[in-house]
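Trainee: next one to model:
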Amino acid sequence: MIFHFASFVVNEKNCTLSNNQQPIEIEPKILSLLCYLCKNFQRAISRDELIEKVWQGRIVSNAAINRAVGELRKIIEVDVKDPQYIVTISKVGYRFNATVIQPDSHPIADSNRIASLKKLTINRLILPLSLILFALLLITWFTYTNDKTEGEGKSQFDISQPTPLTTIKGSAFKQQVSANQQTVFLHRDANNRNVQLWLQPLNLPALKLTDDKFYYTYAIFKDADTLFATRFDNLTARKCQIIKLTISTKQIDKITDCAKRAVTYLAFDGESRKLYFNYRDSVSQPFAIRSLQLDTGRIQQLTHANPKGNARGDYLFSLSPSNKKMAIFEYQQDGTAMLKVTDINNPTEVSRYKSYDRVSGISWFNDNVLLISEKNGVISYDLSTANSEDIIRGDNITQANFFSDLSLLTYVKFDVTRNIYQQSTSAQPPEKPLTHSAYTNFFPSYANTSNSFAYFSTDSAEVDVQLIDQTGTVTKLNFPEAIKHVSNLIWARDDSAIFASINSKLFLYSIDKHQWREIKTDLKSIHHVEIINNQEAIVSSDDSGDWQLWQVNLSTQTAKQLTKNGGYSASYIADRDILLLSKYSQAGLFELDLNDLSETTIKADFKITDWNKWQVRGDNIYLWENRNIISLNIDSKIKSAHWQLDETNPLHFSINFDASKVAYSVTEQEKSTIWKSTVLQERKPSGI
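Mentor: The predicted structure follows:
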């Protein structure tokens, strides 16, 4: 059955969707939803009806339906925030506000449909003439531009239509393809929190290579029957190993240890038999690239990252096809990643290029062109000309790899739905969603005198700050610049303002004026913010060469260093005039007396990496511990368990003003699939 609405054509039999005769990628379930809406346009459709007809009666959450509708809106709506076709009907469901035509069906009595059919017939007569005129104009323009600048602006890349490389449920990612077209990838499903290794042979079903207690983080081929991989012992200690796995026997042998609590990437040079990996000696030190000679066991440090601040250093990397150069991304203090290229045989020769936002992958197209996975998809970068070109666009595209021997481009398409949930000491059921988005909501922060809360959201396609007040009204706060990375949100003690550490800068949002402003201090990098009163704030910064706490006067916008022994996140207790703090390079929670600056240890075993998973309310410190929110009394040191969270490692949580509620983000749906395209040829501009 074929449906026409506006400029769209839906072919139910062939499972295709096009707009203005241009094919559109769409998931099968999303297409089924669209077909059902087309068959039932201009009437209210309940969620229960959608579950019965589209999901065949399976148990499906409202969040899953919302996500599917949200994905469909992204495809067919001009503005997803103001949908014209899929309209939400309060307390009912949805209505498809389109005039749908079925050209192959009998005439429908409805006058609107008859008019639409007549219009379609006229359009079919006019369309061929329009196409002829358009073609003539196109030929004229093309001839003119060719005569003017022959070859100018042509793409180097001719990429085939993408097809799925993996189809199994769950999340498949971080793929590597061998010369015989086998694909190794990481996989996680809802029933197993530990990521495992899978193998996708060519034209055969996928095979599970590992099924153990380890959490695998990366894998590459040594040869057709051997893999190198990295893995954690568990998600708590996160001790790291580099291992060798023989595919035919599934024999696993440990090669060496790798950096604790760090995702370790790998590259292999078969000729020199060197295995390259990123490494750091401790959590507080930056990464550098090392090599391991497999025959002698010798380990050498290849790069030396900028040690300043908490930049992650040399993290992502890729060997060139000739194995003579290495492209590296060095993470910077502002959250971007600097591209640099080094000579393998002379690593002190480093060429630096440009910085990118939210980099997730790097791969060589040839010895002079790189493919980079960044915030908006995959781009190319020519090292000799500094020219870039869009290859695949989409903020859900990541981890692209190109395999030159196969002319094969692979990448990951992901979809995550994350909402803010709340647990209460009195409500039943104890857990309920506070947001109902098909996108991502995270990092909630409760007010200090009410149950209003602020949080980060991607509901508007870009990260922004949103506020839900006590009446449930949602307000977008329209942050004044693109949000690249965030540290924390916190309310003024009287709830007159919201303070935020965003993009390594300090911002204030006035609740009354509905306006953001930056607190411009002399500090170059600001991480965490805590409020003393409406005139003073505490921030962490590494301007002194190490992470310390600084006191900021909000009126004069001046800062003075407060600590000398380190400080990374902090909480001020007004009635005691003390500051509780964590440190960047030392485990533990500490108490700092602001009168004499004396320091004592409150909790010695507090993890460095949990810097944003603690909060003070009253006389208690609330902490994340073994999937529970616990309280630790500051005076008695007595611990009490309060709420259990099903999340393995929540990004953050927030306790409300009277400590009766906790808010946190829950990943409702997470899936990713690996796709592939063939690069048919490398087109070059004429004259080269």
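Trainee: let's verify Leu33: helix, strand, or coil?
Mentor: Assigned by DSSP: H, G, I helix; E, B strand; the rest coil, the conformation of Leu33 is helix.
Trainee: OK, contacts around the closest residue to Pro430 other than its chain neighbours?
Mentor: Once flanking residues are discounted, Pro430 sits nearest to Gln423: 5.0 Å by Cβ to Cβ, 6 or more residues apart in numbering. Bear in mind the C-beta positions are built from the backbone N, C-alpha and C, glycine included. Counting by Cβ atoms under 8 Å, 6 or more residues apart in numbering, Gln423 makes contact with Pro430, Glu431, Trp643, Leu645, Lys661, Val662.
Trainee: run through the bridge partners of Gln423.
Mentor: Beta bridges link Gln423 to Glu431, Val662 when assigned by DSSP bridges.
Trainee: ok, now how distant is it from Ile629?
Mentor: 8 Å (Cβ to Cβ, to the nearest Å).
Trainee: who touches both of these two?
Mentor: With Cβ under 8 Å, 6+ apart, Gln423 and Ile629 have common neighbours Trp643, Leu645, Val662.
Trainee: what's the closest of those residues to Lys324?
Mentor: Leu645 (48.9 Å; Cβ to Cβ).
Trainee: wait, isn't that closest one in contact with Asn628?
Mentor: Yes - at 7.1 Å, Leu645 counts as touching Asn628 under the criterion of Cβ atoms under 8 Å.
Trainee: those two: which has the busier surroundings?
Mentor: Counted by other Cβ atoms under 10 Å, Leu645 and Asn628 do not tie: Leu645 has more neighbours, with 18 against 13.
Trainee: which non-adjacent residue is nearest the more buried one?
Mentor: In space, Leu645 is closest to Arg627, 5.6 Å off (Cβ to Cβ, 6+ apart).
Trainee: who touches the one you found in this structure?
Mentor: Gln644, Leu645, Asp646, Glu647, Thr648.
Trainee: select from these every entry located in strands.
Mentor: By the criterion of DSSP state E, membership of the contacts of Arg627 in strands covers Gln644.
Trainee: from the contacts of Arg627, which shows the smallest pLDDT?
Mentor: Here the lowest pLDDT out of those sits on Thr648, with 64.
Trainee: residues near Thr556, how many?
Mentor: 9.
Trainee: report pLDDT for it.
Mentor: Thr556 is given a pLDDT of 95.
Trainee: go on, Arg113?
Mentor: Value for Arg113, per-residue pLDDT: 41.
Trainee: same check, this time on Leu125
Mentor: So Leu125 comes in at 39 (pLDDT).
Trainee: next: Asp577.
Mentor: Model confidence at Asp577 (pLDDT) stands at 89.
Trainee: list the contacts of it.
Mentor: Asp593, Leu594, Asn595.
Trainee: filter these down to the buried ones.
Mentor: Neighbour counting by 16 or more other Cβ atoms under 10 Å classes Leu594 among these as buried.
Trainee: and the contacts of Asp577, which is closest to Gln333?
Mentor: Distances from Gln333 to those, taken by Cβ to Cβ, are shortest for Leu594, at 27.6 Å.
Trainee: please verify my assumption that that closest one contacts Leu579.
Mentor: Yes - with contact defined as Cβ under 8 Å, Leu594 and Leu579 form a contacting pair (6.0 Å).
Trainee: buried residues in the helix or strand encompassing Leu680?
Mentor: Under the criterion DSSP states H and E, the helix or strand holding Leu680 is strand 661-682. Under the neighbour-count criterion of 16+ other Cβ under 10 Å, strand 661-682 has 661-669, 671-677, 679 buried.
Trainee: tell me where the model's unsure across this structure.
Mentor: 57-61, 91, 103-156, 192, 306-311, 427-429, 648-649, 681-688 (pLDDT under 70).
Trainee: can you give me the domain boundaries for it?
Mentor: 2-96, 157-415+671-682, 519-612, 615-651 (automatic domain parsing).
Trainee: backbone dihedrals for Trp594, please?
Mentor: One correction, residue 594 is Leu, not Trp. Phi and psi for Leu594, reported as degrees, to the nearest 10, are phi -80, psi -10.
Trainee: and it, how far from Ile578?
Mentor: 6 Å.
Trainee: picking that back up, among the contacts of Gln423, which two are most distant?
Mentor: Applying Cβ to Cβ across the contacts of Gln423, the maximum distance is between Leu645 and Lys661, 13.2 Å.
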